[in-house]
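> Need the 3D shape of this:
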Amino acid sequence: MDLKALETKWRTALSSILDQLTADEFRKLLFNLEKIPQGLKEGRVRGDMPSVIIQHYSTEGSITLMDRLMKDLPRLDAAVQQPLRGMKDELKKLRQKKKAATSKPADSRAVTKKKEPAAEVSGGSGETQSLDDSIEKLILAVRLLAPLEKSIFELNSSGILETEAIVGKVVKKSELVYPESPLTSVKDIKSSPLKTYVSVEGTVTQIDPIKKVKVQHEEKKTKRFKLKQEDEEISVTLWDEAIKQSKDLSVGDVLLLNNMKRKVYLREVYLNSTQFTKITKDQSAAPVHIRKIKVITLLRTTKRNAHLQVQFEGRFQEVYGKTQVLSEGMGFRTMEEFNKGFFHMLPLTVMANMQGKRILEMRMI
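Down below sits the predicted model:
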């Protein structure tokens with residue numbers, strides 16, 4: 001079976017799996033499909049979603065993703081797991097076939113080209129933005145376009161989008177909104193997959209001077225600093241436009257870094273800025289507003305904060321607040337009760353005192 005045949009078979013299996021989900025499970029599944037723009041999720045019937053999912057995650061990627069998400073829901077029954085297990089087996093066979101084909105000795109007449117080593121940032125985490133990063137940014141930027149726009153393949157074939165610089169101009173000219181990557185603790189970032197897009201909050205503990213490095217024969221500036229969150233600390237490397245956002249940065253500042261990418265260099269996990277990185281200082285001076293919001297789901301909780309997906313004024317946002325405060329506001333006596341009970345109350349409309357994206361107080365209506 002080739003990849004095209006696998007895609008056809010997977011499309012049918014995925015349609016069957018989606019039909020087995022309850023309305024609540026289907027809604028939660030859609031929320032976790034972060035690569036798919038919200039406009040492509042709203043108003044779609046289930047029968048349309050397999051094609052959309054495969055388009056944004058690829059055949060292989062969507063099989064792996066669905067396997068994880070079905071375990072998270074959880075849907076471990078045969079109606080869901082049997083077709084999923086069959087596709088995982090088919091994918092495994094296809095990968096083994098590819099591996100066997102590529103492991104054959106290369107033609108002795110083939111000429112191999114030497115790869116230039118990636119530039120390194122002296123003094124620490126020196127892995128730089130590679131061509132892969134540029135391609136990922138291209139894909140991410142184009143996926144933000146409205147569904148009626150041309151596909152990535154069409155744009156690439158036409159030669160319209162040939163460089164990262166052009167993508168940046170398209171994004172800026174179109175005034176596209178920043179995609180919001182999930183707010184993640186430093187501890188979880190260190191155990192996340194490579195190149196995961198995240199947002200993180202913490203206190204600046206050290207700032208290094210701006211340095212110049214060569215990337216693909218071009219000189220670029222980088223700026224590194226350390227961010228601390230509770231007992232965990234992580235290094236941050238800023239590039240290009242992100243450096244301009246940090247010109248007034250000082251040790252002790254509390255920052256919210258949106259849309260960073262997890263990287264690893266010499267076993268050290270650190271964060272790289274991206275085309276969409278946004279740096280925001282502590283919003284403690286921001287005004288407090290009383291808002292009526294609809295809580296869609298409880299994303300995750302830590303000892304310190306609870307992260308929620310909410311709907312406000314027709315938009316979906318990730319907000320957070322102290323777990324203890326939210327727990328007490330909802331009438332739960334312990335965090336354990338909150339984690340178990342609150343999830344089953346959703347979706348739920350509440351009144352919240354909000355300061356930026358932070359919930360100071362939340363109560364039922």
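
> Would you state the secondary structure element containing the closest residue to residue 290 other than its chain neighbours?
Nearest residue to residue 290 in three dimensions, chain neighbours excluded: residue 353, at 5.6 Å (C-beta to C-beta, 6 or more residues apart in numbering). Using the backbone N, CA and C atoms, a C-beta is placed for each residue, glycine as well. Here residue 353 is covered by strand 348-355, with elements defined by DSSP states H and E.

> repeat for residue 257
Using DSSP H and E, residue 257 sits within strand 254-265.

> Partner strands of that strand and their direction?
strand 197-207 (antiparallel), strand 268-272 (antiparallel), strand 278-281 (antiparallel) (DSSP bridges).

> Show me the strands in the chain, by range?
197-207, 211-215, 218-229, 232-239, 254-265, 268-272, 278-281, 288-301, 305-312, 315-322, 348-355, 358-364 (DSSP state E).

> returning to that earlier point: my guess is the residue nearest to residue 290 meets residue 289, correct?
Yes - at 7.5 Å, residue 353 counts as touching residue 289 under the criterion of C-beta atoms under 8 Å.

> and those two? which has more neighbours close in?
Comparing residue 353 with residue 289 by other C-beta atoms under 10 Å, the one with more neighbours is residue 353, at 17 against 11.

> which residues does that one contact?
Going by C-beta atoms under 8 Å, 6 or more residues apart in numbering, residue 353 touches 288-290, 359-362.

> Okay, and the beta partners of it?
Counting by DSSP bridges, residue 353 is bridged to residue 290, residue 361.

> where does this structure dip in pLDDT?
1, 43-45, 103-180, 283-286 (pLDDT under 70).

> residue ranges of the helices in it, please?
Ranges of helices in the chain, per DSSP state H, are 3-19, 23-32, 38-41, 49-57, 59-72, 78-102, 131-143, 152-158, 164-174, 186-190, 241-244, 323-329, 335-345.

> Other residues contacting the last one?
What it means is helix 335-345. With contact meaning C-beta under 8 Å, 6+ apart, helix 335-345 is reached by 297-298, 301, 303, 306, 323-324, 326-327, 330, 332.

> Tell me the most packed of those residues, by neighbour count.
Within the contacts of helix 335-345, residue 326 tops the neighbour count with 27 neighbours, counted by other C-beta under 10 Å.

> thought that residue was touching residue 306?
Yes - here residue 326 reaches residue 306: they are 5.1 Å apart, a contact under C-beta under 8 Å.

> Could you check how many residues crowd around residue 338?
Residue 338: 22 neighbours (other C-beta under 10 Å).

> Residue 81 too?
16.

> Residue 93 and residue 67, how far apart?
As judged by C-beta to C-beta, to the nearest Å, residue 93 and residue 67 stand 16 Å apart.

> swap that for residue 277, sorry
Distance of residue 277 to residue 67, computed by C-beta to C-beta: 31 Å.

> neighbour count winner among those two?
Between residue 277 and residue 67, residue 277 has the larger neighbour count (other C-beta under 10 Å), namely 25 against 15.

> doesn't residue 257 make contact with that one?
Yes - under the criterion of C-beta under 8 Å, residue 277 makes contact with residue 257 at 6.8 Å.

> List the contacts of residue 222.
Each residue near residue 222 by C-beta under 8 Å, 6+ apart is listed here: 121, 210-213, 237-239, 243.

> repeat that with 6 Å
Applying C-beta atoms under 6 Å, 6 or more residues apart in numbering to residue 222 gives the contacts 121, 211, 213, 237, 239.

> residue contacts, the second one?
The contact partners of residue 211, taken as C-beta under 6 Å, 6+ apart, are residue 222.

> quick one on the thing from earlier: so what touches the strand holding residue 257?
Contacting residues not belonging to strand 254-265 are listed as 125-127, 181, 189, 192, 195-201, 203, 270-272, 274, 276-280, 282 [C-beta under 6 Å, 6+ apart].

> just stretch 304-322 next, same as before
183, 293-300, 323, 326, 357, 359.

> Looking at those residues, which one is closest to residue 48?
Looking at the contacts of stretch 304-322 and their distance to residue 48, the nearest is residue 296, at 21.2 Å (C-beta to C-beta).
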